[in-house]
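Participant: coordinates only, no sequence provided:
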C-alpha cells in the first residue's frame, strides 16, 4: 500500500500507487502519509497504559464507543436474525419474509456503493453524528410502528428494509476509518476487542431480549441507544478527514492551536 511504501521510504513507488487510485491531489495525499509516518516514528511504541493518559484518554473513549456501537446498533443482529425479524407476526408458511430479506440485501448492496460519494463530499464527523441519529430514528420507527399497529404490517417492515442506508453511512463503516486515523496500533486493538465483545454479546442475548421485550421493544431500545450516542458524538467526536494523527489527538486533548 502507499502507506507501507512511504514507511519504507520508497517515495516514487508510493506516488505511483496513489496515482493509480486518485486522479487529483496525489501530492497532498503524499504529504499526509509522510506526516503520519513521521508522527508514528516520533511516538515510538505506545504502551497500553499510555492510552489512559491525557494524550489518548478522550480519543480512546470515543473510539471504543464507536466500534462498540457498530455491533450494538444492529450489525450482527440484522445479519443473523433478519429472517426472524421479518417473520415476526407473519404466517410461518409465508414466503414474504424471504422477499423482505432479499430487498434488505439489495438496499445494503446499493448503500455500500453510495458510501464513496458521501465520504468525499461530507466530513466524517457529521456523517457519524447525523447518520447515527438517522439510524436510531429508523430503528425507533420500526419498533414503534410494529408495536402500535401490527408486527406484520408493511409500514414497519419498510423501515427495516431501509435500515442499511443510515447504517452504512455511519456506524457500519466510519468507526473503522476514524479509529485507524486517530489511534496508534495498540489503541486500535483495544477498540477492535470491544467490537468483538459486543458482537458476541448482541448475538448471544438478542433472543433473550426479544423473549422479554419482543422484537419491537428490542429495536426501540437499540434505537434509543443510537440517538443518545449521536448526541455523545456531537459533543465529543472530532473531524479526522484530511488531518494527521498529531492534529486529531491535539484536538482531543485540548492542545491544538487555534490557528489550526
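Facilitator: It's in. Just so we're clear, the structure is a prediction, and the values are computed from it rather than from any experiment.
Participant: for the residue positioned nearest the centre of the chain, helix, strand, or coil?
Facilitator: Residue closest to the mean C-alpha point of the chain, counted by C-alpha atoms, centre = their mean, is residue 171 at 2.5 Å. Under the three-state scheme (DSSP: H, G, I helix; E, B strand; the rest coil), residue 171 adopts coil.
Participant: hmm, residue 70 and it touching each other?
Facilitator: Yes - here residue 171 reaches residue 70: they are 4.8 Å apart, a contact under C-beta atoms under 8 Å. Every residue, glycine included, has its C-beta placed from N, CA and C.
Participant: any figure for the gap between residue 60 and residue 120?
Facilitator: Remark: distance between residue 60 and residue 120 (C-beta to C-beta, to the nearest Å) = 28 Å.
Participant: neighbour count winner among those two?
Facilitator: Neighbours were counted for residue 60 and for residue 120 using other C-beta atoms under 10 Å; residue 60 has more, 21 against 8.
Participant: tell me the pLDDT at the more buried one?
Facilitator: Residue 60 carries a pLDDT value of 96.
Participant: shaky segments in the stretch 1-150 of the chain?
Facilitator: Low-confidence segments of the stretch 1-150 of the chain, defined by pLDDT under 70: 39-44.
Participant: what do you get for the stretch 151-260 of the chain?
Facilitator: For the stretch 151-260 of the chain, the ranges with pLDDT under 70 are 151, 256-260.
Participant: now do the helices in it.
Facilitator: 154-161, 164-168, 174-182, 185-236, 245-253 (DSSP state H, counting those that start in this stretch).
Participant: out of the ones you listed, deepest packed?
Facilitator: The highest average neighbour count among these, using mean count of other C-beta atoms under 10 Å, belongs to helix 164-168 at a mean of 23.
Participant: helices and strands around that helix, which ones?
Facilitator: Packing partners of helix 164-168 (3 or more C-beta pairs under 8 Å, 6 or more residues apart in numbering; DSSP states H and E): helix 96-121, helix 124-148.
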